[in-house]
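K.L.:
Turn this into a structure:
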Amino acid sequence: MSKKYIIESDFEYNGYRCVTTFCHIGHRCGYVGVPVGHPLYGKNYGDYTDYSFADIQKKPCDKMGVFPLFTAALLDPGTKVRYELLFNVHGSLTYSGKGKYPVESDLWWLGFDCAHAGDGQDLDKLQELWGDDPSIQTVIEFGKKYSMSDDVVRDLEYVQQECRNLVDQIIEYTDKIKGEK
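P.N.:
As a prediction, the model looks like this:
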């Protein structure tokens, strides 16, 4: 297998570049790029913010997943939180970086993946894209054998919408930062 993922879509929403990928294990990921000079440029999703847990306690968090929420539940209200807790996106933010991934650019990418508990593999798409690769056949066989009946495959439209949701939250965050200065 030469490439471990493909670009499924590359689009702009409200002035931000969004990219969705489909990876060789059968799950999708979504990314939003922020330009040089943006308040989030260079911020790793695991970096601590200036916000405390008390500042974000009333924000929606229904999409973040178990681990970020469990960690947050243990926090004292005055504890500073990480960037991953500022954005309510599928499974929480799980990627930040620049360079050649997900696409070559000078943007700083913030991303999430759809490979969490309850997320299903899109085995049909995997077969379509890499079906002749023996290692992919192993992934497909494993996925068929061990998938849970209630796992949900996050399709392209879902991941694109999550990218748009992330953009809206980034804009809200940026507006708030500007208002605090």
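K.L.:
Which residue lies nearest the spatial centre of the protein?
P.N.:
What sits nearest the mean C-alpha location of the chain, by Cα atoms, centre = their mean, is F112, with 0.9 Å.
K.L.:
The helix or strand harbouring that residue pairs with which strands, parallel or anti?
P.N.:
Under the criterion of DSSP states H and E, F112 resides in strand 105-113. Partners of strand 105-113 in the sheet, by DSSP bridges, are strand 28-34 (antiparallel), strand 95-99 (antiparallel).
K.L.:
what element comes up after the first one heading to the C-terminus?
P.N.:
For strand 28-34, the following helix or strand on the C-terminal side (DSSP H and E) is strand 48-52.
K.L.:
Report the strands that pair with that following strand, each with its relative direction.
P.N.:
Sheet pairing for strand 48-52, using DSSP bridges, gives strand 80-82 (antiparallel).
K.L.:
outside of the strand it pairs with, which residues touch it?
P.N.:
Strand 80-82 has contacts (Cβ atoms under 8 Å, 6 or more residues apart in numbering) with 45-53, 55-56, 72, 75. Heads up, the C-betas are built off the backbone N, CA and C, glycines and all.
K.L.:
so where does Y158 fall, helix or strand?
P.N.:
If you go by DSSP H and E, Y158 is part of helix 156-180.
K.L.:
List the buried residues of that helix.
P.N.:
Buried residues in helix 156-180, counted by 16 or more other Cβ atoms under 10 Å: 158-160, 162-167, 169-170, 173.
K.L.:
Which one of those is nearest to K100?
P.N.:
Taking Cβ to Cβ as the measure, K100 lies nearest C163 of the buried residues of helix 156-180, at 19.3 Å.
K.L.:
Could you pull up the residues touching the closest one?
P.N.:
C163 neighbours (Cβ under 8 Å, 6+ apart): 13, 18-20, 30-32.
K.L.:
Okay, and the beta partners of F22?
P.N.:
With DSSP bridges as the criterion, F22 is bridged to I6, R28.
K.L.:
so what does the helix or strand just after the strand holding F112 touch, helix or strand wise?
P.N.:
Moving toward the C-terminus from strand 105-113, the next helix or strand (DSSP H and E) is strand 119-120. Packing partners of strand 119-120 (3 or more Cβ pairs under 8 Å, 6 or more residues apart in numbering; DSSP states H and E): strand 152-153.
K.L.:
Who are the packing partners of the strand it packs on?
P.N.:
Short answer (3+ Cβ pairs under 8 Å, 6+ apart): strand 152-153 packs on strand 119-120.
K.L.:
what about the next helix or strand after the strand it packs on, average pLDDT?
P.N.:
Following strand 119-120 in sequence order, the next helix or strand is helix 123-130 (DSSP H and E). For helix 123-130, mean pLDDT rounds to 86.
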